[in-house]
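Student: the following block contains a protein sequence and its predicted model.
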Amino acid sequence: MISRHIAHIACQGVGVVLAAVTVLPVGAASASPAPPPPDPRSSSVYRPTDDEDAVEAGGLVEVVPREDVAGKVKCSRRTGPHQRAVEKWLKLKVDGKQSAADCRAIRDFQEKHGIRPAIGFAGPATWATMQLISAKEDPNARGKCPERTHRVACVDLNRQLTWVQKGSEVVYGPVPMRSGRIGHATRVGWHKIYWKHKKHWSTLYDAPMPYAQFFSGGQAFHGVHDSIYTTLGSWGCINLRLKDARKLWHVLKKGDRVYVWGHRPGK
């Protein structure tokens, strides 16, 4: 019998977006059959199949309005969900309203960084790329994540970034992530990696959670096969690109500490 604990360990993010937008295809998911849910008391781990392990989301795909896709526009006239933040980052007039100049500047940024479709819409992929660029040199420049002599996995909900540091040295990341949505917020504060499962399967959402590392009840770091750049968050977990989740699996150990702070933008 599957334990109740396992029946509730699940928070696979779903690529749900606002009614006014759509997500372009990012690649097919693996057709591999679901493995049986593991017993949390077991120390065994399962290696992903070659097919599952090879699936990656198809690059930086922006969430854009359906009307723009249907009309094959070159430059969107619509205000994106991250309009103000993108305007500020690009040093444009910050008024939260799309203009022809805004669109051209955003489109130039998207083309430079391989974000598609590059139509100047200030969506989550564009905003996330800007956050990552700003944080590359020193993600903890503001000292929000406590420095310790041991490893600390830092989860910045404000910028939707995660990294691992030991003292002042960053040993992993920063990488983009997707945290919990309204009503399913990722819990803030100190936590600890208490269970790792390389090929976990969510019995609640019937979905894969590859490279799952649980740190607070059913909330875990884990990879996803779809895009993490969506307007809605996960069901509480820290969703990572599969390649990032794979690397993080080899960095964190059982017992390592996790520190979470901030609020997901738009909440």
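Tutor: Received it, and whenever you're ready, just let me know what you need.

Student: relative to the longest strand along the chain, what are the paired strands and their orientations?
Tutor: Counting by DSSP state E, the longest strand found in the chain is strand 207-216. Strand pairing for strand 207-216, using DSSP bridges, gives strand 195-202 (antiparallel), strand 219-224 (antiparallel).

Student: closest to residue 189 out of those?
Tutor: Residue 189 lies closest to strand 219-224 among those, at 11.7 Å (CB to CB). Where you see a C-beta, it was placed from the backbone N, CA and C, and this is true even at glycine.

Student: can you pull the buried residues of the helix or strand following that closest one?
Tutor: Moving toward the C-terminus from strand 219-224, the first helix or strand encountered (DSSP states H and E) is strand 238-241. Using 16 or more other CB atoms under 10 Å as the test for burial, strand 238-241 gives 238-241.

Student: a markdown table for those, including distance to residue 257 and pLDDT?
Tutor: Shown next, in a markdown table, are those (distance: CB to CB, whole Å; pLDDT from 0 to 100):
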| residue | distance to residue 257 | pLDDT |
| --- | --- | --- |
| 238 | 14 | 97 |
| 239 | 20 | 97 |
| 240 | 18 | 97 |
| 241 | 23 | 96 |
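
Student: pick the most deeply packed of the strands paired with strand 207-216.
Tutor: Stretch with highest mean neighbour count among the strands paired with strand 207-216: strand 219-224 (a mean of 26; mean count of other CB atoms under 10 Å).

Student: contact partners of that one?
Tutor: By CB atoms under 8 Å, 6 or more residues apart in numbering, the residues outside strand 219-224 that reach it are 9, 11-13, 57, 153, 162, 178, 180, 186-187, 200, 209-215, 236-246, 248, 252.

Student: so what's residue 253 closest to, chain neighbours aside?
Tutor: Counting by CB to CB, 6 or more residues apart in numbering, residue 253 lies nearest to residue 193, which is 6.9 Å off, once chain neighbours are set aside.

Student: could you do residue 77 as well?
Tutor: Leaving aside its chain neighbours, residue 77 sits nearest to residue 98 (6.0 Å; criterion: CB to CB, 6+ apart).

Student: tell me if I'm right that the one you found and residue 84 touch.
Tutor: No - the criterion here is CB atoms under 8 Å, and residue 98 misses it with residue 84 at 11.0 Å.

Student: hmm, back to that, make TSV out of the buried residues of strand 238-241 and add distance to residue 106.
Tutor: TSV is the format used below for these (distance: CB to CB, whole Å):
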residue	distance to residue 106
238	27
239	25
240	25
241	23
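
Student: all helices of the protein, in order?
Tutor: Per DSSP state H, the chain carries helices over the ranges 4-8, 50-54, 66-71, 83-89, 100-112, 124-135, 242-251.

Student: out of those, which is the most enclosed?
Tutor: Of the helices of the chain, helix 124-135 is the most buried (mean count of other CB under 10 Å), at a mean of 21.

Student: between that helix and helix 100-112, how many degrees?
Tutor: Helix 124-135 runs at 70 degrees relative to helix 100-112, counting by axes from the mean of the first three to the mean of the last three CA atoms, to 10 degrees.

Student: could I get helix 124-135 in PDB with only the CA atoms?
Tutor: Output for helix 124-135, consisting of C-alpha atoms alone and laid out as PDB, is shown next (Å, rounded to 0.1, in the frame of the first residue of the first chain):
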ATOM      1  CA  PRO A 124       8.400  36.100 -17.800                       C
ATOM      2  CA  ALA A 125      11.200  34.700 -19.900                       C
ATOM      3  CA  THR A 126      12.500  38.200 -20.700                       C
ATOM      4  CA  TRP A 127      12.200  39.300 -17.000                       C
ATOM      5  CA  ALA A 128      13.900  36.100 -15.700                       C
ATOM      6  CA  THR A 129      16.800  36.500 -18.200                       C
ATOM      7  CA  MET A 130      17.400  40.100 -16.900                       C
ATOM      8  CA  GLN A 131      17.400  38.900 -13.300                       C
ATOM      9  CA  LEU A 132      19.900  36.200 -14.100                       C
ATOM     10  CA  ILE A 133      22.200  38.500 -15.900                       C
ATOM     11  CA  SER A 134      22.100  41.000 -13.000                       C
ATOM     12  CA  ALA A 135      22.900  38.300 -10.400                       C
END
